[in-house]
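Trainee: Give the three-dimensional model of this entry:
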Amino acid sequence: GEARALAEEAERLFRGSAGEALNKDATIALCHALGAFFRACNLALAPPPPPPSKALPANAAANVAADEAARVAQNQLDSSVEGTVQVAVGMLNDIAENDAETVRALGRDIASRTDRADVRLRALSSLYNAVPDGEGERGRLRFELLLLVIEFSNRAGRTSALRSVFDKVETYAERWKLASRDRRALLDATASALAAGGDEAVAHEYELKALREVAAAADGASAEFEAETARAAAAVTQSIRLPSVFRFDELLDLESVRALEQTHSILWELLNIMVSGELREYLSFHATHGAYVADTLKLSHEALVWKMRLLTFASLGSVKQELGYEEVAAALEIAPEEVELWVIRTISSGLVDARMDELESRVVINRSTTRVFTKQEWEPLHQRLELWKRNLDALSAMLAAKRSAIAAGGEQ
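Mentor: Take a look at the predicted model:
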């Protein structure tokens, strides 16, 4: 009823402008009518009722015919809806100058339901793409529409269609000059959509990016900052839980994470073990706080032991280039015959590059991930880079001299 009344009003305005240029009021009325249609109507046509018995060949053929007729009808409705959206969006752009409130209202109406989600998502995308890019009000409108598109795709289970968009959200945030709070909202929506799509590791990367925006926004505002410690605790717990995450020292750069030392002291202790501790330290921690790990953090002790063995091996490889099997077995608290298996697992994780000498019962480390970069770790790297620079400069000078000599010989 509402959609029909709005459509009649739009028709009246259009007829009133007959012979003249179409006006803004008529265009906005059309968009309101279209929005009411999206709010009120289920875009998915009801399937045909099944025949009384599918066992009879005639009924089977009738069923196939009915399904085909339903498919054709659905496609026709989809095409009509999308065609109407294209016309309305074009008029909104050309005649109504992308009236911001009308654009927002139409976007909300399209996203108000999830039936025929692909059709609605394409309609939202058309509306988003019609808004000119830029800063200020344009950027703000594009941001709001993109946020709406991401949140809708999450609710409708269509996040896979936006993977290329997720990769660009930070670029968009920079282009639109978004405030920290809006950047956080965009990163949060992206993380939620990725997690819903099953990509927890990438989703967690966006969660941490959002957490950095929280820290920037809350700087100097203690009440707001303290309200974010639960969020920081959840992000730290997820870092510990994910089997692909082995780098934890960067979390300590976040002020909201550092606040956990006062608000979540046990989690803070566990985080520091993950940053630079070894297996024996974790086992000692677990002996005291096992219930907290299992019941509060909902973490698997076995999975943490697995991760700590990999991290402990990486720490050993950072100190020595050759490790005896007995030394590795003692540090990882495993039997000597399991050493080679854990070496392979650590290599597969990307934490080390190593080879095994079975005859000598030793592991030769070619490269090992440094778990914490402090001044002591950066200094040797700086010296090595300086040496490479001097060697390259010397090589460049030698080649230049050689070229000059060749050129001089050619002139003679």
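
Trainee: For the nearest residue to residue 313 once chain neighbours are set aside, give its distance to residue 406.
Mentor: Computed as Cβ to Cβ, 6 or more residues apart in numbering, the closest residue to residue 313 that is not its neighbour in sequence is residue 346, at 4.6 Å. Glycine gets a C-beta too; all of them are placed from N, C-alpha and C. The gap separating residue 346 from residue 406 is 51 Å, by Cβ to Cβ, to the nearest Å.

Trainee: So residue 138 sits against residue 132, correct?
Mentor: Yes: with contacts counted by Cβ atoms under 8 Å, residue 138 reaches residue 132, the gap being 5.4 Å.

Trainee: Looking at the two, which has the bigger crowd around it?
Mentor: residue 138 (15 against 11; other Cβ atoms under 10 Å).

Trainee: Can you give me the pLDDT of that one?
Mentor: pLDDT, residue 138: 88.

Trainee: what's near enough to touch it?
Mentor: Counting by Cβ atoms under 8 Å, 6 or more residues apart in numbering, residue 138 touches 131, 132.

Trainee: Kindly report the same for residue 363.
Mentor: Counted by Cβ under 8 Å, 6+ apart, residue 363 has contacts 317, 322, 323, 324, 325, 328, 339, 343, 354, 355, 356, 357.

Trainee: List the buried residues for the strand or helix carrying the residue nearest to residue 313?
Mentor: Using DSSP states H and E, residue 346 sits in helix 339-349. Neighbour-count burial for helix 339-349 flags 339, 342, 343, 346, 347, 349 (criterion: 16 or more other Cβ atoms under 10 Å).

Trainee: Equivalent analysis for stretch 348-362, please.
Mentor: By 16+ other Cβ under 10 Å, the buried positions in stretch 348-362 come out as 349, 351, 352, 354, 356, 362.

Trainee: repeat for stretch 266-283
Mentor: By 16+ other Cβ under 10 Å, the buried positions in stretch 266-283 come out as 267-275, 277-279, 281-282.

Trainee: coming back round to it: narrow the buried residues of stretch 348-362 to those in helices?
Mentor: residue 349 (DSSP state H).

Trainee: Show me which of the buried residues of stretch 348-362 is closest to residue 244.
Mentor: residue 349 (8.3 Å; Cβ to Cβ).

Trainee: which non-adjacent residue is nearest the closest one?
Mentor: Residue 349 sits nearest to residue 310 (Cβ to Cβ, 6+ apart), 5.4 Å away.

Trainee: so residue 28 makes contact with residue 100?
Mentor: No: Residue 28 is beyond contact range of residue 100, at 11.4 Å (criterion: Cβ under 8 Å).

Trainee: These two: who's more crowded?
Mentor: A count of neighbours by other Cβ under 10 Å puts residue 28 above the other of residue 28 and residue 100, at 21 against 14.

Trainee: In the helix or strand where that one lies, which of the residues would be classed as buried?
Mentor: Element membership of residue 28, judged by DSSP H and E, is helix 24-40. Residues of helix 24-40 classed as buried: 25-38 (neighbour count, 16+ other Cβ under 10 Å).

Trainee: Which member of those residues is positioned nearest residue 174?
Mentor: residue 31 (30.5 Å).

Trainee: tell me the contacts of that closest one?
Mentor: So residue 31 contacts 88, 92, 96, 102, 105, 106 (Cβ under 8 Å, 6+ apart).

Trainee: Let's see that with 7 Å instead.
Mentor: For residue 31, the contact set (Cβ atoms under 7 Å, 6 or more residues apart in numbering) comprises 88, 92, 102, 106.

Trainee: Closest one of these to residue 299?
Mentor: Of those, the one sitting nearest to residue 299 (Cβ to Cβ) turns out to be residue 106, at 45.3 Å.

Trainee: Let's see the pLDDT reported for the closest one.
Mentor: Reported pLDDT for residue 106: 95.

Trainee: Over to the one 4 residues further on?
Mentor: Note on residue 110: pLDDT of 95.

Trainee: That one contacts residue 120, correct?
Mentor: Yes: using Cβ atoms under 7 Å, residue 110 is in contact with residue 120, at 5.4 Å.

Trainee: Which stretches in the chain count as strands?
Mentor: Along the chain, the stretches classed as strands by DSSP state E are 322-324, 352-357, 362-368.

Trainee: Switch these over to a markdown table; also include distance to residue 67 and mean pLDDT.
Mentor: Output for the strands of the chain, formatted as a markdown table (distance: least, Cβ to Cβ, whole Å; pLDDT from 0 to 100):
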| stretch | distance to residue 67 | mean pLDDT |
| --- | --- | --- |
| strand 322-324 | 66 | 94 |
| strand 352-357 | 57 | 94 |
| strand 362-368 | 60 | 93 |
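
Trainee: Out of those, flag the one nearest residue 163.
Mentor: Among those, strand 352-357 sits nearest to residue 163 (Cβ to Cβ), with 30.9 Å.

Trainee: which other residues reach the closest one?
Mentor: By Cβ under 7 Å, 6+ apart, strand 352-357 touches 313-314, 317, 340, 343, 346-347, 363-369.

Trainee: Okay, now the unreliable bits of the stretch 1-150 of the chain?
Mentor: Applying pLDDT under 70 to the stretch 1-150 of the chain picks out residues 1-22, 48-59.

Trainee: What of the stretch 251-400 of the chain?
Mentor: Ranges of the stretch 251-400 of the chain meeting pLDDT under 70: 373-384.

Trainee: Now the terminal residues of stretch 367-385, how far apart.
Mentor: 17 Å (Cα to Cα, to the nearest Å).

Trainee: pull the CA atoms of the helix holding residue 346 into PDB?
Mentor: Output of helix 339-349 as PDB, limited to C-alpha atoms (Å, rounded to 0.1, in the frame of the first residue of the first chain):
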ATOM      1  CA  VAL A 339      62.800 -34.500  17.100                       C
ATOM      2  CA  GLU A 340      62.800 -34.900  13.300                       C
ATOM      3  CA  LEU A 341      59.000 -34.700  13.200                       C
ATOM      4  CA  TRP A 342      59.000 -31.400  15.100                       C
ATOM      5  CA  VAL A 343      61.800 -30.000  13.000                       C
ATOM      6  CA  ILE A 344      59.600 -30.700   9.900                       C
ATOM      7  CA  ARG A 345      56.600 -29.100  11.600                       C
ATOM      8  CA  THR A 346      58.500 -26.000  12.500                       C
ATOM      9  CA  ILE A 347      59.900 -25.700   9.000                       C
ATOM     10  CA  SER A 348      56.400 -26.100   7.600                       C
ATOM     11  CA  SER A 349      55.200 -23.300   9.800                       C
END
